[in-house]
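Undergrad: pasting the structure only:
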């Protein structure tokens, strides 16, 4: 959709089209357009425009004024005069972004990975950021809650969960490297780890020998029962 109203002026400097071809010694008003694309330019104040006639810098409000997309010279330039102009962007104060408007694409790739390492063992009170459901709200949680999540009813951490933790690291590295293939492979491994304990051969193993035979080292790693 095209922009309605005054064209925004912020940051970038814009070279103006050379209007000297229209100088005739009587015309004082000329349209301001960009040298690239011919876009109409609306300076907010005269001081935001740097104008040179025959290599001489003109004084804002004294030698020229601006109104809308036009510049008006106090004295009409003659046909032999040369012209050069720059519209200087002003510093932009973006203020406070509206809720839900800052996306991951606007964050530096070092937003998290470039931060200073915690430098110590993770404590129960340390906080983590999580996505509360697929595409949900970003929330914080403590390390203590994560421990509760991976522990079984007896308060122990099953071997499959330990392997999933290790695979989580593999997945995060793939995510940071934008490696879609590695992400997909890691997701498949984590699914296999989650499904492995439900395998009937493991669930129904009544002896160490049965458990050894059912243990899939390709998925679960080295058997602790070997």
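TA: Structure received. Note that this is a predicted model, so its numbers are computed, not measured.

Undergrad: Name the SS class of residue 80, please.
TA: Under DSSP: H, G, I helix; E, B strand; the rest coil, residue 80 falls in the coil class.

Undergrad: Which residue, other than its chain neighbours, is closest to residue 201?
TA: Nearest in space to residue 201, with sequence neighbours left out and distances taken as Cβ to Cβ, 6 or more residues apart in numbering, is residue 214 at 3.6 Å. Just so you know, the C-beta spots here come from the backbone N, C-alpha and C atoms, and that holds for glycine as well.

Undergrad: Residue 82 versus residue 32, what's the distance?
TA: 17 Å (Cβ to Cβ, to the nearest Å).

Undergrad: out of these two, which sits in the busier spot?
TA: residue 32 (22 against 13; other Cβ atoms under 10 Å).

Undergrad: Contact partners for the more buried one?
TA: If a contact means Cβ atoms under 8 Å, 6 or more residues apart in numbering, then residue 32 has 16-17, 40-43, 49, 66, 69-71, 85, 87 as its contacts.

Undergrad: That one and residue 88: what is the separation?
TA: 13 Å.

Undergrad: and what of residue 73?
TA: 19 Å.

Undergrad: ok, these two, which is more surrounded?
TA: In terms of neighbours (other Cβ under 10 Å), residue 73 is the more surrounded of residue 73 and residue 88; the figures are 19 against 14.

Undergrad: helices and strands of this protein: which one has the lowest mean pLDDT?
TA: helix 217-220 (a mean of 66; mean pLDDT, DSSP states H and E).

Undergrad: For this structure, which segments count as helices?
TA: 143-150, 159-176, 180-195, 200-203, 208-214, 217-220 (DSSP state H).

Undergrad: Could you identify which of these has the lowest mean pLDDT?
TA: When the helices of the chain are compared by mean pLDDT, helix 217-220 comes last with a mean of 66.

Undergrad: Can you show me the strands along the protein?
TA: 14-15, 29-31, 49-53, 56-57, 64-67, 70-73, 83-87, 127-132, 137-142 (DSSP state E).

Undergrad: returning to that earlier point: overlap in contacts, residue 32 and residue 88.
TA: residue 49.

Undergrad: picking up where we left off before, now do the residue nearest to residue 201: how many residues are near it, please.
TA: Neighbours around residue 214, by other Cβ under 10 Å: 18.

Undergrad: try residue 67
TA: 11.

Undergrad: If it is in a bridge, with which residues?
TA: residue 70 (DSSP bridges).

Undergrad: What's the separation between it and residue 31?
TA: From residue 67 to residue 31 the distance is 11 Å (Cβ to Cβ).

Undergrad: cool, and residue 191?
TA: Taking Cβ to Cβ, one finds residue 191 at 63 Å from residue 31.

Undergrad: of these two, who's got more company?
TA: Regarding residue 191 and residue 31, a neighbour count based on other Cβ under 10 Å identifies residue 31 as having more, with 15 against 12.
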